[in-house]
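**Q** Provided below for reference: sequence and predicted model.
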Amino acid sequence: RKEVEQDPGPFNVPEGATVAFNCTYSNSASQSFFWYRQDCRKEPKLLMSVYSSGNEDGRFTAQLNRASQYISLLIRDSKLSDSATYLCVVNVGNQGGKLIFGQGTELSVKP
Amino acid sequence: NAGVTQTPKFQVLKTGQSMTLQCAQDMNHNSMYWYRQDPGMGLRLIYYSASEGTTDKGEVPNGYNVSRLNKREFSLRLESAAPSQTSVYFCASSEGMNTEAFFGQGTRLTVV
């Protein structure tokens, strides 16, 4: 079993739709959590960190459930520019630890 | 504003050849990472270095070696390249475990 698993894609949605991505992690010692975005095989870039209390950044909302070892990302009012691959990332361990990526979920927003 | 710099950007090797991928960061980060990315596989961690002087295996270390030369530089070596090592390689760095990781632009390696 992979340490970080994501919903398989691709997700094809119309502009304005709400879309949710899910992610599970297997190591209960995981310390920190992130969502990254990757465009066209370019380098991944941080979209947002995920905090225990949940956090929101504009149209994006991230949630963490430590008991279920589950992370989610909600995108509201999807834009064409949201088309990308979304990567769930978990940092396992202390002193820096291992930064483990899920396999990514591709999102395609259509006009 | 260099951030994380990887060299080379592209490389073609013959099976059995060796090479070293170079990575340097100018953000004074403690942690550095090497990943490979294959279609449908996401990024898989090869090796990481939590701090200067330490290195640890990641998910797919076989066939690779690393050196944390100093705080700035973290190199990845392929001693005897195989076609299965054809991939896009990314180097990354971060201040610590709860902070953003910054990536280089990637090295596209083909082994024939």
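**A** Received it, and whenever you're ready, just let me know what you need. A quick note: this is a predicted structure, and the numbers were derived from the prediction, not measured. Numbers count the residues shown, from 1 in each chain, chains lettered A, B, ... in the order given.

**Q** who in chain A is up against chain B?
**A** Residues of chain A that fall close to chain B, judged by Cβ under 8 Å from any Cβ of the partner chain: A:3, A:6, A:31-32, A:34, A:41-46, A:49, A:87, A:89, A:91, A:93-104. Every residue, glycine included, has its C-beta placed from N, CA and C.

**Q** do that again at 7 Å, thanks
**A** Residues of chain A lying near chain B by Cβ under 7 Å from any Cβ of the partner chain: A:31-32, A:41, A:43-44, A:46, A:87, A:91, A:94-104.

**Q** Buried members of the residues you listed into PyMOL, please.
**A** To isolate the buried members of those in PyMOL, using 16 or more other Cβ atoms under 10 Å in any protein chain shown:
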select buried, chain A and resi 32+43+44+46+87+91+96+97+98+99+100+101+102+103+104
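
**Q** Could you tell me which of the residues of chain A next to chain B belong to helices?
**A** Per DSSP state H, helices hold no members of the residues of chain A next to chain B.

**Q** Stretch B:20-27 and chain A in contact?
**A** No. Between stretch B:20-27 and chain A, judged by Cβ under 7 Å from any Cβ, nothing touches; the nearest distance is 12.1 Å.

**Q** Identify each buried residue in the helix or strand where A:T24 lies, please.
**A** Using DSSP states H and E, A:T24 falls within strand A:19-25. Buried residues in strand A:19-25, counted by 16+ other Cβ under 10 Å: A:V19, A:F21, A:C23, A:T24, A:Y25.
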